[in-house]
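Student: My questions concern the predicted model and sequence given below.
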Amino acid sequence: MEVLMHLCHHKLCTLLPRTLSRACRRNHHCTPQPSHSVHALSKPVAPTPLVSRLFQPSNLREGQEGGDMTCRSQRLMLQAGLIHPSNPGCFYYLPAALRSMEKLVRLIDEEMQAIGGQKVDMPALCGAELWKRSGRWELMGKEMFRLRDRHDIDYCLGPTHEEAVTELLASQSTLSYRQLPLLLYQVTRKFRDEQKPKFGLLRGREFYMKDMYSFDISEEAALHTYQSVCHTYGRLLDRLGLKWVQVQADTGNIGGTLSHEFHLPADVGEDRLFMCGNCGFSANFETVEPGQADCPQCHTAPLVESKGIEVGHTFYLGTKYSQVFNATFTSAQNKPAVAEMGCFGLGVTRILAASIEVLSSEDSIRWPRLLAPYQVCILPPKKGSKANEAMHLAEELVQSLGNSLLNLKGEVVLDDRTQLTIGKRLKDANRLGYPYVVVVGQKAMEEQPVFEVVCQQSGETVFLSKDGLLDLLSGAETI
């Protein structure tokens, strides 16, 4: 009987909460009352990106002097609310700029992985011991940020990671020649104690960089990898629609026996480049004999000087680091052999700023198509105008473009600031550089809707039906 009573009590305790719960749902007195908390009163975030909701504060108003800003990209990025200054040489990357940078990183990932690159992430805080072993702790001088922890151990904020990645490889005792070439890369913040940061993101103390390190079985194989990466850098810059030049370069404090830089020609560039129009020779002035006027390669034509912004740098390192850290692999003869190395850098934030520098006008940003924060901006008419009904049509168009064209998913923004005139918003859209601006005006309300489309890259304005608009925008390349 006692056992039976215990079982009945257990069953009742299980069923009673369920019964009460059902009764509460039927009884309106048990319905939870709406909360009047701050969260309940907050405006829900719209699924469609709205210009009025974008965090894009203007740091420099139109017509305001830029002070010590001596380059176009810095002024335009501040005016457009892409970046905001923090400490000297350091910036906040605001949402629109971060969208562009993430697209650039996706492009870099695509190109690096196409040649066998594998992505890693190494510590920014690097022990001094590694740098002392390579001899670069003193060689780097004042440009390297150094710090000491509570145990009096020295560290640095990594400006580059040759020591770290070679130590990583050296710790792998079972590496076989069959696993080479091995290409490891990362996209991370780098740090450099610039004496005088300037030009915004072009020369800062904290910046994003892609650095890749290669390990090969022989010098011949390492040089083949080197050429493969150089070719990939050129292809990446071509995909961005940028004019670039590859020049011979000095190996500097990274070392090695072969080096090239990738530059975007620009008057604001800090590097002096010498080129020959006859044989194609090109070099940084650091590698040319002082006072040399003739091309050292063909000896028949003069060298022409120009300026460039360095966006990439490649090095063939040989065994400079692998010998020091004993980074070896097992050869085909089943013997230990020292790996041949290369290292390859791309300035992520520098490419972003440099592309704006070379493509934009004095008052309007022009992006490489792949990097525009949004591909399309939709402009409904001003509130209270005769075409006021077109607002609903504009909202439908945003959804339609995202649903009909997979390349535009998440790439369409609606300028819902209908308290402003179309002209004012067109001016803003032009300054921010959306590749396509679609005006939904009175013509869009006709029986056969017609949309005004401003193509920012070409400066052309066309009037298209909805099918024509879809056809045009289907060709927008995104990543």
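Tutor: Yep, it's here.

Student: quick one: stretch 389-398 to chain centroid distance?
Tutor: Averaged C-alpha coordinates place stretch 389-398 at 32 Å from its chain's average position (C-alpha atoms, centre = their mean, to the nearest Å).

Student: What residues sit buried inside it?
Tutor: By 16 or more other C-beta atoms under 10 Å, the buried positions in stretch 389-398 come out as Ala390, Met391, Leu393, Ala394, Glu395, Leu397, Val398. From N, CA and C alone the C-beta is placed, and that goes for glycine too.

Student: Flag every buried residue along stretch 323-334.
Tutor: Buried residues in stretch 323-334, counted by 16+ other C-beta under 10 Å: Val324, Phe325, Ala327, Thr328, Phe329, Thr330.

Student: quick check, nearest of these to Val120?
Tutor: When the buried residues of stretch 323-334 are ranked by distance to Val120 (C-beta to C-beta), Ala327 comes first, at 15.1 Å.

Student: ok, the closest one touching Ser173?
Tutor: No - Ala327 lies out of contact with Ser173 (C-beta atoms under 8 Å); the separation is 11.0 Å.

Student: which residues in the stretch 301-450 of the chain form strands?
Tutor: 304-318, 328-330, 336-338, 340-347, 376-379, 412-414, 436-439 (DSSP state E, counting those that start in this stretch).

Student: Counting by contacts, list what the second one packs against.
Tutor: If you count contacts as 3 or more C-beta pairs under 8 Å, 6 or more residues apart in numbering; DSSP states H and E, strand 328-330 packs onto strand 336-338.

Student: Let's see that with 6 Å instead.
Tutor: Helices and strands touching strand 328-330, as assessed by 3 or more C-beta pairs under 6 Å, 6 or more residues apart in numbering; DSSP states H and E, are absent.

Student: Also the longest one?
Tutor: For strand 304-318, the helices and strands in contact under the criterion 3+ C-beta pairs under 6 Å, 6+ apart are helix 219-239, strand 258-265, strand 271-275, strand 340-347, helix 348-359.

Student: Show me what the second one pairs with in its sheet, parallel or antiparallel.
Tutor: What that stands for is strand 258-265. The sheet places strand 258-265 alongside strand 245-248 (antiparallel), strand 304-318 (antiparallel), with pairing taken from DSSP bridges.

Student: if I pick Cys295, what's in contact with it?
Tutor: Cys276, Phe281, Ala301, Leu303 (C-beta atoms under 6 Å, 6 or more residues apart in numbering).

Student: Which strand or helix spans the nearest residue to the second one once chain neighbours are set aside?
Tutor: I take that to be Phe281. Nearest residue to Phe281 in three dimensions, chain neighbours excluded: Gln297, at 4.1 Å (C-beta to C-beta, 6 or more residues apart in numbering). Counting by DSSP states H and E, no helix or strand carries Gln297.

Student: and if you look at Glu102?
Tutor: Assigned by DSSP H and E, Glu102 falls within helix 95-114.
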